[in-house]
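> task: produce atomic coordinates for the following.
(chains A and B)
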Amino acid sequence: MKKLSLFTICLIILVGSWVFLRFVVGGIISVPIPGSVIAMYMGLIIIAILVHISVEDSLFQEFRRPILETLVEDKRRNHRRVLVVLIPLLLLGYTYSIIAQRANPPGSPRDAHPSPPLELTYKDEVIGTMQDVVNPFRHYEKDDPEAFRAHVENGKRVYHQNCFYCHGDHLDGQGHFAPYLQPLPANFQDPGIIPNFQESFFFWRIAKGGPGLPAAGTPWDSPMPIWENTLTQDEIWDVILFLSDYTGYQFRTFGEAH
Amino acid sequence: MIFCLAQSVKSHGWLDNSLYFRSANLRCRFAAVMLFLILGVFSMLTAAYAQNAPQASEKGKEVYENSCAHCHGTEGRGDGSAAENLLPKPRDFTRGLYKIRSTETGELPTDQDLFDIITEGMPGSSMPPWDTALSANDRWEVVAYIKTFYDGFKEAETSPKQINLSGKVAYSEQSIETGKALYTELGCVECHGNIGRGDGTSAPDLTDEWGFQSWPANLTQGWNFRGGSDTEDIFKRFIGGLAGSAMPAFEGDSFPGFGLTAEESSRMTELDNKDEMTEAEEEESAQLYEKYDAAVDIALNLAEGTELSAEERQIYDDAMRVVYEKSWHLANYVKSLMPEKRPEPAIGNNVLRSQYVQSELPPMDDAAWGTLEARYFPLVGQIVIEPRQFNPTIDAVNVKSFYNDTEVAFLFTWDDRTHTTDETDEETGKTLEDALAVQFPVKVPQGPTAPKPYFLWGGRLPVYLWHWKASAPEQVTELTAKGINNAEAQAAQGELQVQSTYTNGQYKLWVKRALKTEDKKDLQLEPGVFVPIAFSAWDGANGDVDTKRVMTSWYTFVLEPVPSSKRFIYPPLIALLSVGFLFGLRAFVQRRNSEET
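Numbering: from 1, shown residues only, chains lettered A, B, ... in the order given. From the prediction side, this is the model:
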């Protein structure tokens, strides 16, 4: 077999690395890699190739020989003909695709968990400050397990009559209405949701729904209803008990010291 | 290795083929055989595991009560706390009636059937797939547990008889044609409508075993088929029926032309349709009927438990073979009615782009609309504000659009099984009718962080609406709304042109408006600007009125700008420059080479 020229080897390394990064690492092994990161790696590889071929003059001569041959020598006439058509065509296609690119719809920058107001209210009644309000039935968990179960069961009923269409049977945000809602319903099985918030935060989000969000939460987009119009305070607290009971996650608390 | 496998498969009589044994391939062949054995044993093991649920246990009860009881009820009666608002209703397990089975009519489902439904869920209903939420083991435990709600499972002595799928007829144009004829012949049209949109004349009146509304499937929306939309699935639903629903099983002897070959059957129909028959034809017809009656008698005898003679058995088996073959044609026809999968919603690459034309905009029936691909806006129930709609019957609105220098035209289509223009709601006394509303903001938000109006008919910021009602099909009312219960018809109604039709279970609505109007409460359109758009739809027959409706949240559309003419200048220029560069490079190298020598 003919020995590959240095130029061909470099070309193979370059193309091979790109394919490896784009399709093997960013596809088979892991999620797609951003274009800028690929460009960075490719830059490093090109520098490495340039360093390699410029270490010795003989290497550089060897590297450029096929290029010069293709440009002038008679035996490479056919290669030349192909390239003189192919290179302009590729450039033509590339510039056309850039110029003719269609505008894309604007994204919706949205804060999924915007900061709550200082005061927690139900309708217009002030319950307390967001920091200090606790679930009035939470203490039953230790004091009266039977009463606690009753509240959880009631929360379960409320959940399945109101919430599960979007938030799902399994509380995973995959209810049968969910796929076509934008933004997607919250997934309570996500370990980053319940443990990050106090129960009072959940009460606020449930009671005020999408329209009660501050502007950063794009209140015009969220299909979350204003539940204080439909549910009583007790029902909301019961649902919150059910959410942590079913998923096994504990809501965030600041402990006794606070 | 693979080569060896292929060879051993190729020569089935390989034991006799001593050449092979003597050959150096012997070891290779031995390995192949071993591999087959291992694979065989493995598949038998998995099959054995797959077909039977374990004994009912406490574990099954626990999983059931934790994950299923809120819909299906702790006693399995389908009366959990969520059931009230659901349609289709959660299954009542105490009657042993299961819609999705691989078994023949009147039979119970197999354990595997129950397992599969739990695993995959039932599209178009509130039954979700449990494949990720429950382990396979837990799902089997649940299968065992739900079987305890119906004694028939315990009493059954033999395993249920499965539908024979071996005679599958390949999908072909001809098979579809045959199936289509059968679709009419069997009366599928009466419920499922002329071309399958579930709009048959009896569609609104169907109820299930429990007396609940049971809408016939829209056969053009395979993604809503409860038991899947593969040809095999369709075939099984057809042969086995959907127990408990209004969909009957097409048992053999209810088939027209039972006991006749396909040719004889079509000849019989042909003779039936003749106004006058010659004597020979009359005799031929009588003979065919005799054959048909005889076969039906045999089927009835069999159903009553009478032993069949060998001859009768032969006639019956032949007749059933024809029935199965026809049913495959029908399944192929139904399969041909639907797209391969549910269309992607109109976001990202599928965003609605109105196409520019220089001329007059095409009217509703113009062929030009056929050149555009419709954009799909899936609808969900409005469950934010009372009264709510938990069980939508309209799947989606499909939209196409053209614009020119002065006007824009939209074509909206949506499937609705019933054409309702004036019906009175028994509960509220309100007038029910089909309708569509298209929603835009009055002012297009500038930039991605600028606020939009609330998606449900606005709030602090107003929305501009086109409201169309089936009772006034040639009219669209312009509304301004600041909330779902706070909409007003504009005092100055613009000059909107409207056309609409309702055919075969589908509404088509065409609306044309000027891009710019004088009215400050109207949306003003400009090419290249992304405009929020949303929909509300009402199906009168489903009780939709006022806030009870189906809807979308905000999507966007754009009047696609006419592409810049630069695209014809710069790319060729760059290509030319590159040619020049290549030749220049060559000339440079040549000159240097000649200087060196």
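
> the lengthiest helix in chain A and chain B, are they touching?
Using DSSP state H to define each element, chain A has its longest helix at helix A:77-99. Yes. Helix A:77-99 lies within reach of chain B by CB under 8 Å from any CB of the partner chain, at A:80, A:83-84, A:87-89, A:91-93, A:95-96, A:99. Where you see a C-beta, it was placed from the backbone N, CA and C, and this is true even at glycine.

> quick one: contacts for residue 200?
By default, I'm working from chain A. Residue A:200 sits next to A:116, A:120, A:128, A:130-134 when contact means CB atoms under 8 Å, 6 or more residues apart in numbering or on different chains.

> to clarify, I was referring to chain B.
Shown in contact with residue B:200 (CB under 8 Å, 6+ apart): B:188-193, B:216.

> circling back: so what does the next helix or strand after the longest helix of chain A touch, helix or strand wise?
Once the chain leaves helix A:77-99, the next helix or strand it forms, by DSSP states H and E, is strand A:119-122. In terms of contacts (3 or more CB pairs under 8 Å, 6 or more residues apart in numbering or on different chains; DSSP states H and E), strand A:119-122 is packed against strand A:125-129, helix A:199-208.

> and the helix or strand that the longest one is followed by, which residues are buried?
Read that as helix A:199-208. Following helix A:199-208 in sequence order, the next helix or strand is helix A:233-247 (DSSP H and E). Within helix A:233-247, the residues that qualify as buried by neighbour count (16 or more other CB atoms under 10 Å in any protein chain shown) are A:235-247.

> what does helix A:233-247 contact?
With CB under 8 Å, 6+ apart as the criterion, helix A:233-247 contacts A:122, A:127, A:135-138, A:148, A:151-152, A:154-156, A:158-159, A:163, A:171, A:188-189, A:194, A:199, A:202-203, A:206-207, A:227-228, A:231, A:250-251, B:66.

> try stretch B:491-511
With CB under 8 Å, 6+ apart as the test, stretch B:491-511 has contacts from B:193-195, B:197-199, B:218, B:363-364, B:409-417, B:419, B:434, B:436, B:438, B:466, B:468, B:470, B:473-478, B:512-514, B:517, B:519, B:521-522.

> can you check stretch B:358-376 too?
With CB under 8 Å, 6+ apart as the test, stretch B:358-376 has contacts from B:343-346, B:350-352, B:355, B:357, B:396, B:398-405, B:407-409, B:411, B:413, B:499-501, B:508, B:510, B:512, B:557.

> about what we covered before: any of the contacts of helix A:233-247 buried? List them.
A:122, A:127, A:135, A:137-138, A:148, A:151-152, A:154-156, A:158-159, A:163, A:171, A:188-189, A:194, A:199, A:202-203, A:206-207, A:227-228, A:231, A:251.

> what about the stretch 1-150 of chain A, any weak spots by pLDDT?
A:1-2 (pLDDT under 70).

> contact residues of it facing chain B?
So the stretch 1-150 of chain A meets chain B at A:68, A:71-72, A:80, A:83-84, A:87-89, A:91-93, A:95-96, A:99-100, A:102-109 (CB under 8 Å from any CB).

> apply 10 Å and report the result again.
Proximity of the stretch 1-150 of chain A to chain B is confined to A:67-73, A:80, A:83-85, A:87-110 under the rule CB under 10 Å from any CB of the partner chain.

> got the domain ranges for the chain?
Just going to use chain A. Annotated domains of chain A cover A:6-99, A:119-247 [automatic domain parsing].

> other chain: chain B
Split by automatic domain parsing, chain B gives B:2-48, B:58-155, B:173-336, B:348-562, B:567-596.

> figure out which of these is closest to residue A:212.
domain B:348-562 (11.4 Å; CB to CB).

> any chance you could map the strands in the stretch 401-550 of chain B?
Along the stretch 401-550 of chain B, the stretches classed as strands by DSSP state E, counting those that start in this stretch are B:407-415, B:423-424, B:431-432, B:435-441, B:463-469, B:476-481, B:487-489, B:497-503, B:506-514, B:530-538, B:550-551.

> mind checking which of the contacts of residue B:200 are buried?
B:188-189, B:191-193, B:216.

> CSV for those residues, including distance to residue B:387 and pLDDT?
Converted to CSV, these look like this (distance: CB to CB, whole Å; pLDDT from 0 to 100):
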residue, distance to residue B:387, pLDDT
B:188, 35, 94
B:189, 34, 95
B:191, 28, 96
B:192, 30, 97
B:193, 29, 96
B:216, 26, 96
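
> report back the residue of chain A that's furthest from centre.
residue A:74 (55.7 Å; CA atoms, centre = their mean).

> going by distance to residue B:117, which of the contacts of residue B:200 wins?
Among the contacts of residue B:200, and counting by CB to CB, the member closest to residue B:117 is residue B:216, at 20.3 Å.

> please name the nearest non-neighbouring residue to the closest one.
Distances taken as CB to CB, 6 or more residues apart in numbering or on different chains put residue B:191 closest to residue B:216, at 4.0 Å, once the chain neighbours are dropped.

> was I right about that neighbour contacting residue B:183?
No. Using CB atoms under 10 Å, residue B:191 makes no contact with residue B:183, being 11.3 Å away.

> now do the SS call for residue B:376.
Of the three states, residue B:376 takes strand according to DSSP: H, G, I helix; E, B strand; the rest coil.

> burial check on the residue nearest to residue B:439 when sequence neighbours are not counted, number of neighbours?
Leaving aside its chain neighbours, residue B:439 sits nearest to residue B:534 (4.3 Å; criterion: CB to CB, 6+ apart). By other CB atoms under 10 Å in any protein chain shown, 23 other residues sit near residue B:534.

> which ones are touching residue B:534?
Contact analysis of residue B:534 by CB atoms under 10 Å, 6 or more residues apart in numbering or on different chains lists B:377, B:437-441, B:452-453, B:455-457, B:463, B:465, B:551-556.

> quick one: pLDDT of it?
Residue B:534 carries a pLDDT value of 97.

> centroid residue for chain A?
Geometric middle of chain A (CA atoms, centre = their mean) lands on residue A:31, at 11.2 Å.

> just to be sure, that residue is in a strand?
No. Using three-state DSSP, the assignment for residue A:31 is coil, not a strand.

> just the element for residue 174, please.
With no chain named, the answer covers chain A. Going by DSSP H and E, residue A:174 is not in any helix or strand.

> let me rephrase: I mean chain B.
Residue B:174 is part of helix B:173-185 when elements are defined by DSSP H and E.

> give me the distance from the helix or strand just after that helix to the chain's centre.
Using DSSP H and E, the next helix or strand after helix B:173-185 towards the C-terminus is helix B:189-192. Distance of helix B:189-192 from its chain centroid, counting by CA atoms, centre = their mean, to the nearest Å, is 16 Å.

> near chain A, which residues of the stretch 101-250 of chain B are found?
B:121-130, B:132-134.

> which two in these are spaced the farthest apart?
B:124 and B:134 (21.2 Å).

> show me the contacts for the residue nearest to the centre of chain A.
residue A:25.

> how near is it to residue A:25?
10 Å (CB to CB, to the nearest Å).

> give me the buried subset of the contacts of stretch B:358-376.
Here, 16+ other CB under 10 Å leaves B:343, B:345-346, B:351-352, B:396, B:398-404, B:407-409, B:411, B:413, B:499-500, B:508, B:510, B:512, B:557 buried among the contacts of stretch B:358-376.
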